[in-house]
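Q: Quick one: sequence and predicted model below, then my questions.
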Amino acid sequence: MSELLVSGGRVLRPDLTVERADVLVDQSAGEILAVEAPGELAGDDELDASGGLVIPGLVNAHTHVAMTLLRGYADDKPLDAWLQEDIWPVEAELTPEDVRVGAELGLVEMVKSGTTALSDMYFHVDEIAAAVEQAGVRAVLGHTAVTVGKDDEGARADVQESLDVALELDGAADGRVRTTFQPHSLTTVGEEYLREFVPEAVEAGLPMHLHANETEAEVAPIVEEHGMRPLEYADDVGLLGEDTFLAHCVHVDDDEIDRLAETGTGAVHCPASNMKLASGMAPVQRLLDGGVTVGLGTDGAASNNDLDMFDEMRDAAMLGKLAADDASAVAAETVVRMATENGADLLGFDGGRIEPGANADLAVLDLDAPHLTPAHDLVSHLAYAARGSDVRHTVCDGAVLMRDRDLTVFDEAAVRERASEHATALVERAEES
Ligand SMILES: N[C@@H](CCSC[C@H]1O[C@@H](n2cnc3c(=O)[nH]cnc32)[C@H](O)[C@@H]1O)C(=O)O
Ligand SMILES: [Zn+2]
């Protein structure tokens, strides 16, 4: 049994207190074995955490990791126009290899900024799973089904593929890959397909992940067509439940919040994307007060435009206060929990906390920086002052993915170069067609 000692640092405990401690990791089981006072433990290998803070690996609970190739390609538009005029036409040109390269770039960015788990929605999912396997992180993946604009045969095939991919890929990468059934949203998948396939997904025991109540513009047509608020409709077609989590939940009323809580449905807040696309302000504090588990996600790099979960924590805290008109809303501890234990809970991983028995998924931040000085309150620093580039080491499933800011899992320069080449060629193809 090989054991890794993360030594000499301070550790963020599950109750969000910070203490000086060493962390011992069982690398073959991928589990935290012990958290003890400095000097009490020994390992075969060591990660130097002196001057640092050991935190749970961050959980990006909603993203489209391969969209890094479209970072900065189309900005400053609302969701509908952005998707239809810019993003979808280019995505139509994406090859499996593009998706692989885009996913690798996104995963490099994630590992470098302390993210060890993600929930992704996309297509060519085999390629994303292969990139996740190489990156060493955990991921909940799936094929996202869209039926609008397709004939019946094409629509059914796409939703069937979402089911098939979820069943086939579950457990890949030594169990680090789990899956979800993924209707894209309540307006982009027709009712007949939801009524047919959702019960199948439930029957197969598949968790579900979709976009919901993201913009005001998608709420009105649902109310008009079905005579119900979107989440009432989602419940009616069987989408809500303990194994479902919904990205965005910006435009939800009190009844919908109650419905989420009663059914045990989770929500993923994506503050940067919601601000950038001017989608609105999610009532995060009300969701939490109502008993809903709320995680945090970056959404894709084309609507953010990075995958840094430290930025996302700060954005969530800032926007949450503005939305509640209350500076005490969505406090520092709240966003740290959203990015760690709540995310792990939604994704179904036994992580998000530094504690014996939990998954050995962690990041070590270097606190020796002017923007992290003085150290009155390290939870405040995590929420408001730290950046992804403060991360010095990243560990997932007991394996060291980055040591002293050097990736062990990818050749970073090669990934960046390949991604740039693929992104340029992709945009050229899209503009010719
Ligand atoms: N476009 C494909 C499948 C969709 S994959 C998931 C999709 O979600 C898109 N996406 C990214 N961010 C958002 C968002 O904030 N809301 C809704 N869709 C998004 C993304 O560009 C991607 O097309 C088809 O037509 O079959
Ligand atoms: Zn999204």
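A: Okay, I see it. Ligands and ions are numbered 1, 2, ... in the order given.

Q: Could you pull out the strands in the stretch 251-400 of the chain for me?
A: 266-269, 294-296, 362-366, 391-396, 399-403 (DSSP state E, counting those that start in this stretch).

Q: For this structure, give me the ranges with low pLDDT.
A: 1 (pLDDT under 70).

Q: just to revisit the earlier point, looking at the strands of the stretch 251-400 of the chain, spot the one closest to H381.
A: For the strands of the stretch 251-400 of the chain, proximity to H381 was assessed by C-beta to C-beta; strand 362-366 is nearest, at 8.4 Å. Yep, even glycine has a C-beta here, placed from its N, CA and C like the rest.

Q: strands paired with that closest one, and their directions?
A: strand 52-56 (antiparallel), strand 391-396 (antiparallel) (DSSP bridges).

Q: Minimum distance to V6: which of the ones you listed has it?
A: strand 52-56 (5.7 Å).

Q: send the alpha carbons of that closest one over as PDB?
A: Coordinates of each C-alpha in strand 52-56 appear next as PDB, following Å, rounded to 0.1, in the frame of the first residue of the first chain:
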ATOM      1  CA  GLY A  52      -0.300  26.400   2.400                       C
ATOM      2  CA  LEU A  53      -3.900  25.400   3.000                       C
ATOM      3  CA  VAL A  54      -5.200  21.900   2.200                       C
ATOM      4  CA  ILE A  55      -8.800  22.100   0.900                       C
ATOM      5  CA  PRO A  56     -11.200  19.500  -0.600                       C
END
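
Q: State the next helix or strand along the chain beyond it.
A: Downstream of strand 52-56, the next assigned helix or strand under DSSP states H and E is strand 58-63.

Q: What pairs with that next one, parallel or antiparallel?
A: strand 115-120 (parallel).

Q: which bits of the stretch 51-200 of the chain sit near ligand 1?
A: For the stretch 51-200 of the chain, the contact set with ligand 1 under C-beta under 6 Å from any ligand atom comprises 64, 79, 83, 87-88, 91, 121-123, 144, 146, 158, 184.

Q: Spit out the contact partners of G57.
A: 114-117, 137, 340, 351-352, 361-363, 394-396 (C-beta atoms under 8 Å, 6 or more residues apart in numbering).

Q: repeat for R229
A: Contacts of R229 by C-beta under 8 Å, 6+ apart are 219, 222-223, 253, 255-256.

Q: Can you tell me which of the residues you listed has the most neighbours?
A: E256 (26 neighbours; other C-beta atoms under 10 Å).

Q: hang on, that residue packs against A234?
A: No: contact between E256 and A234 fails when scored by C-beta atoms under 8 Å: they sit 9.0 Å apart.

Q: Tell me which two of the residues of the stretch 51-200 of the chain next to ligand 1 sit farthest apart.
A: Across those (C-beta to C-beta), the longest gap, 20.5 Å, separates L79 and D158.

Q: For L141, the count of nearby residues, please.
A: Other residues near L141 come to 28 when the count uses other C-beta under 10 Å.

Q: Domain-wise, how is the protein divided?
A: 3-55+354-405, 58-347 (automatic domain parsing).

Q: Out of those, which one sits most buried?
A: domain 58-347 (a mean of 21; mean count of other C-beta atoms under 10 Å).

Q: Let me see the ranges of the helices in the stretch 151-300 of the chain.
A: 152-169, 191-203, 216-226, 230-236, 254-263, 271-276, 284-289 (DSSP state H, counting those that start in this stretch).

Q: So which of these is nearest T424?
A: Comparing the helices of the stretch 151-300 of the chain by C-beta to C-beta, helix 271-276 comes nearest, at 23.4 Å.

Q: Export only the CA atoms of the closest one, formatted as PDB.
A: Provided in PDB are the C-alpha atoms of helix 271-276 (Å, rounded to 0.1, in the frame of the first residue of the first chain):
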ATOM      1  CA  PRO A 271     -23.300  33.000 -11.600                       C
ATOM      2  CA  ALA A 272     -20.700  34.100 -14.200                       C
ATOM      3  CA  SER A 273     -22.700  32.600 -17.100                       C
ATOM      4  CA  ASN A 274     -26.000  34.100 -15.700                       C
ATOM      5  CA  MET A 275     -24.400  37.500 -15.500                       C
ATOM      6  CA  LYS A 276     -22.600  37.400 -18.800                       C
END
